[in-house]
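Trainee: Here is the input, now give the coordinates:
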Amino acid sequence: MEALGGTAAAFKLDVSNQESVEAGAKAVLERFGKVEILVNNAGITRDNLMMSMKRAEWDLVLSINLTGAYLLTQAVLRPMIKNRWGRIVNMASVVGRAGQAGQVNYAASKAGLIGLTKSLGARSGLAGITVNAVRRATLRRP
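Mentor: Okay, the predicted model is just below:
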């Protein structure tokens, strides 16, 4: 990116940890002064049948796929509102609408992300911020 005249920097953070996200967002804002585009792309699966799924598998998928997007969005939303411009893109999945055998945790996280996108988008446009979800069009077969 820098070879093409742009500016780039890497910031390491754990999207499931609020303190890590807040520190990462602060570092980005200190380095660049603003955040114009946020892409919530962190996501994992821990596939298992509901009757065999461990609580830890449920919690991990929800904390990364859904809570991570919530934390990152919350961390940069106020500066976006102040600048009266921003773009938030959430990586969703068709599984969030259709479900998938063995993926109740993943489906719930992506359905939640779709709801988060719609709810935030309904209000944020007034501040010049668009919120969209992008989803894969194919289902993975078990």
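Trainee: By neighbour count, which bits of the top helix by length along the chain are buried? Give me those.
Mentor: As assigned by DSSP state H, the longest helix anywhere in the chain is helix 104-124. Judged by neighbour count (16 or more other C-beta atoms under 10 Å), helix 104-124 contains these buried residues: 104-114, 116-117, 120-121, 124. The C-beta positions use only the backbone N, C-alpha and C, and glycine is treated the same way.
Trainee: do the same with stretch 55-72
Mentor: Under 16+ other C-beta under 10 Å, the buried positions of stretch 55-72 are 57-58, 60-72.
Trainee: Among these, which one lies nearest to residue 32?
Mentor: residue 72 (15.2 Å; C-beta to C-beta).
Trainee: and the closest one, what are its phi and psi?
Mentor: The phi/psi pair for residue 72 (degrees, to the nearest 10) reads phi -70, psi -40.
Trainee: if we can go back for a sec, tell me which of the buried residues of stretch 55-72 is nearest to residue 36?
Mentor: The shortest approach to residue 36 among the buried residues of stretch 55-72 belongs to residue 72, at 14.1 Å (C-beta to C-beta).
Trainee: Now do the closest one against residue 53, distance only.
Mentor: Distance from residue 72 to residue 53, counting by C-beta to C-beta, to the nearest Å: 26 Å.
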